[in-house]
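fold the following, please.
(2 chains)
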There are 2 protein chains.
Amino acid sequence: MKYIGVDIGGTNLVSAVVEKTSKGYEIISKKSCATSVPRPKEDICEDIIKISLQALKEAKLPLDEIKSIGIGVPGSVDVNAGNINFATNLFIENWNIKKDIEEKINNLNYLEKYDFKPSKNYIKVFIENDANAAAYGEALAGAAKGFDNAIMVTLGTGIGGGIIINKKIYSGANFAAGEIGHMVIVKDGLKCTCGRNGCFERYASATGLINLTRQKMQEFKDSKMWELAPNLNKVNGKTAFDAEKLGDKAAKQVLEDYIAYLGCGVANLINIFQPDCIIIGGGISNQGENLLSPLRQYVNKQTYNKNLKVQTKILKAKLVNDAGVIGAAMLGEN
Amino acid sequence: MKYIGVDIGGTNLVSAVVEKTSKGYEIISKKSCATSVPRPKEDICEDIIKISLQALKEAKLPLDEIKSIGIGVPGSVDVNAGNINFATNLFIENWNIKKDIEEKINNLNYLEKYDFKPSKNYIKVFIENDANAAAYGEALAGAAKGFDNAIMVTLGTGIGGGIIINKKIYSGANFAAGEIGHMVIVKDGLKCTCGRNGCFERYASATGLINLTRQKMQEFKDSKMWELAPNLNKVNGKTAFDAEKLGDKAAKQVLEDYIAYLGCGVANLINIFQPDCIIIGGGISNQGENLLSPLRQYVNKQTYNKNLKVQTKILKAKLVNDAGVIGAAMLGEN
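Residues are numbered from 1 along each chain as shown, chains lettered A, B, ... in the order given. Got it, this is the predicted structure:
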C-alpha cells in the first residue's frame, strides 16, 4: 500500500510517496519546493498538490495507487476537523487544509492540468502537528521502531516534543500535548516566550546551548571558543563541542552545564513516562555519542529505573528529515 | 457483573464487593482489617481472602457471582506476572500474590473453612500499583469520570501520580510510570529521597507544605500559626490554611509559596499531557476550594491552553478512600 506524506516546513515544502511493505516503510520518490511564506494559503495548497503529483509522476504511479495523504503542520491543528488553527511560522490562521486538498485531489477537472485522473477511491487527507508526525515516523521506521512507548525530544530553536503511547501519537486535548519544552525545571528561572520562567527549552535547546556558550566565553577570554567564534554572533550549537575536542576547559564546562540541564528534563520525562526510549533529534543531536554518552551517564544517576528491569534507552533520531514525511504519510493507515 | 477490589494500605487492608451496573459502579459491601506489618506474607494473604469472603458473605453472594479480584499494592509491581517486586511500606519483596490468592480462592478444600464453595469459573487475580488503581477508580466512577485523559496528583507524604490515557491506566515500562513527584522543578534544589535535587514532592507534598510552614513560623514569631501549633512538631498540613482563615499574613505567604510550587508542577503536567482533567487527591485536597481556586488562578497564568478550546479542569478527588478498591476491582473487567 502506498501513501503520500507532506511536511510543511518554515523553509521547504516536502512531499514523498511512501510505501508500506512487509519489510517496513520506504520512500519511493520525494519532491520539494520553497515554502515562501508569507503568501496566500491557496498558493501553498497548490504547491502541495503540485509537488505531490510530481513525486507520483516520478514514481510512475497513478492516484489510484494512493490510499491517503498525510500532512505535518508546524503549528496548532485540529486533527479531527483537518483544520490548521494557527501556524505562526507560516503566517496562517484557521485554514481547513484537509477540505481544500481533498476537493482538488479528487476533482477530475482540476487534475487535468497536471495530466492526472482522480482515484477510483476518494483520497482522504489527514493532518497532524509536525513534531507529532516526526515522532510517529521515528516510531514506525526510525530509532523508536518496535517500541511501544517513546518520547521524542527535538533540540532546535526551542524544544519540541512528540509522545508515542502504545505505538500511536498521543496528542491529548486540543491535539496540543507534548509541549515538553515548556516544563519548568528552574522555578523562577529565565523568562520564556510562553510567559513562564525557567522552562526546559530556555536551557536545553540549541538556543540554550548558545547562551551558555556565550556566557562562558565572556568569563574566559582565553578560551579556544573565541578562535572558533571570533565574536558572540558567530556562536552556534557546535562551538562548545568543537572547542572541547581541542581540549578547551571552558568549553568542557559549557557542555557539563548543558548536559545537566538536558539530563534534568530527560530524567523528568523518564520518571513520568517510563518510556521504552527517548529519541533525541534536532541539530544538536548530530553530535551523536559526544552528546548522548554523557547524557546517559547523567540521566542514569538521576532516575529511578536504573534498578528496574527495563532501562529507558536514549537514542539519536534516525530518519532526520524523512521522519516527518513518513510519519505524515502513515496517518491514514488505519 | 460483580468484582472484588482490595486495597493494601500501610495501615489497613480493605476489600469491597463492587458491582458494575448500567448506572455506574457501586460498593455493595466492604470489610477491612489492620495490615499489621511487618508480618509474613502468608498471613497477609490469608487476611486478604478472609475479609474478601466476609464482604461477600455480608452481600449474601456466592463466589460464582464474582468475575475477578483486583488488588492495589503500594509498591513496584509486575502487572503481567502478578508479582509484587518490592513494597517497602509492607516490608515485602518479590511475592507472586496473584498465584497465591488464585490457588486459594479457587480451591475447594481451602474454602471449606470459610464455608464457601469455589466458583464454577476460575477466578483470576489482577494487581496494580495503588496510585494507578486509585486514579483508575476516579476515572471510572469519580472526579475524572467521562474524561479520556486524566492525571491524578495525590498530595501526601510524597506526591503520587496516576496517569489515565484513553480511559486506561498508563503504566509504561516496569509498570512504573507516573512518578510525577520526582519531576525536578527546582534544579539543584532541596535534596530528595530519590537521589535527585529539587523534586516536585519536596515542595508541593504535605511534607513540603509543613516545611514551608515551619520556615515561615521561624521568620514570623508573632504569626497566629504559633497559636495553632505551639511547637514546630505540631505543625501539619492544615496549620497554614487554618491560620490564613484567621487573617494571618505569614500563613497567607506560606500558602502563596505552596500554591506556586504546586501550580508549577501542575502546569508542567498540563503542558506535557494536555489532559482533560487533573485530579487532586490526598489529605491536602480536603481544603477544597481554599486550595483549588488559587491553584487554578496560578495555573491559568502558566499554561498554554488558556487560549485553546479545551481547558484542563482541576478537580478534587471524589471517591477518596473508595477510589483504590473500585479501581482495583475493575482491573479484571476486560
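
for residue A:260, which non-adjacent residue is spatially closest?
Spatial nearest neighbour of residue A:260, chain neighbours left out: residue A:298 (6.3 Å); criterion: Cβ to Cβ, 6 or more residues apart in numbering or on different chains. Bear in mind the C-beta positions are built from the backbone N, C-alpha and C, glycine included.

the helix or strand containing the one you found: what's the following helix or strand?
Using DSSP states H and E, residue A:298 sits within helix A:289-302. Note on helix A:289-302: by DSSP H and E, the next helix or strand toward the C-terminus is strand A:313-316.

for that next one, what does the pLDDT average out to?
Strand A:313-316 shows a mean pLDDT of 98.

and that strand, which strands flank it?
Applying DSSP bridges, strand A:313-316 is found paired with strand A:277-281 (parallel).

what sits up against the partner strand?
Under the contact criterion Cβ atoms under 8 Å, 6 or more residues apart in numbering or on different chains, strand A:277-281 has outside partners A:134-135, A:138, A:142-144, A:147, A:150-155, A:266, A:269-270, A:291-292, A:295, A:312-317, A:320, A:323.

for chain A, give me the ranges with low pLDDT.
Across chain A, the ranges flagged by pLDDT under 70 are A:304-307.

is stretch A:122-139 in proximity to chain B?
No: Stretch A:122-139 does not reach chain B (Cβ under 8 Å from any Cβ of the partner chain); its nearest approach is 11.4 Å.

quick check: end-to-end length of that stretch?
28 Å (Cα to Cα, to the nearest Å).

which parts of the stretch 1-150 of chain A sit against chain B?
Residues of the stretch 1-150 of chain A that fall close to chain B, judged by Cβ under 8 Å from any Cβ: A:76, A:149.

what are the boundaries of the helices in the stretch 1-150 of chain A?
Ranges of helices in the stretch 1-150 of chain A, per DSSP state H, counting those that start in this stretch, are A:41-58, A:97-105, A:108-112, A:130-141.

does anything pack onto the first one? Which helices or strands?
Packed against helix A:41-58, as judged by 3 or more Cβ pairs under 8 Å, 6 or more residues apart in numbering or on different chains; DSSP states H and E, are the following elements: strand A:2-8, strand A:12-21, strand A:24-34, strand A:66-73, strand A:92-96, helix A:97-105.

keeping just the C-alphas, turn it into CSV.
What follows is helix A:41-58, C-alpha atoms only, in CSV (Å, rounded to 0.1, in the frame of the first residue of the first chain):
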residue,chain,number,x,y,z
LYS,A,41,-2.8,29.7,1.6
GLU,A,42,-4.3,29.0,-1.9
ASP,A,43,-0.8,29.1,-3.3
ILE,A,44,0.6,26.9,-0.6
CYS,A,45,-2.2,24.5,-1.3
GLU,A,46,-1.5,24.5,-5.0
ASP,A,47,2.2,23.8,-4.4
ILE,A,48,1.5,20.9,-2.0
ILE,A,49,-0.6,19.3,-4.7
LYS,A,50,1.9,20.1,-7.4
ILE,A,51,4.9,18.5,-5.7
SER,A,52,2.9,15.6,-4.6
LEU,A,53,1.8,14.8,-8.1
GLN,A,54,5.4,15.4,-9.3
ALA,A,55,6.5,12.8,-6.8
LEU,A,56,3.8,10.4,-8.0
LYS,A,57,4.9,11.0,-11.6
GLU,A,58,8.5,10.3,-10.8
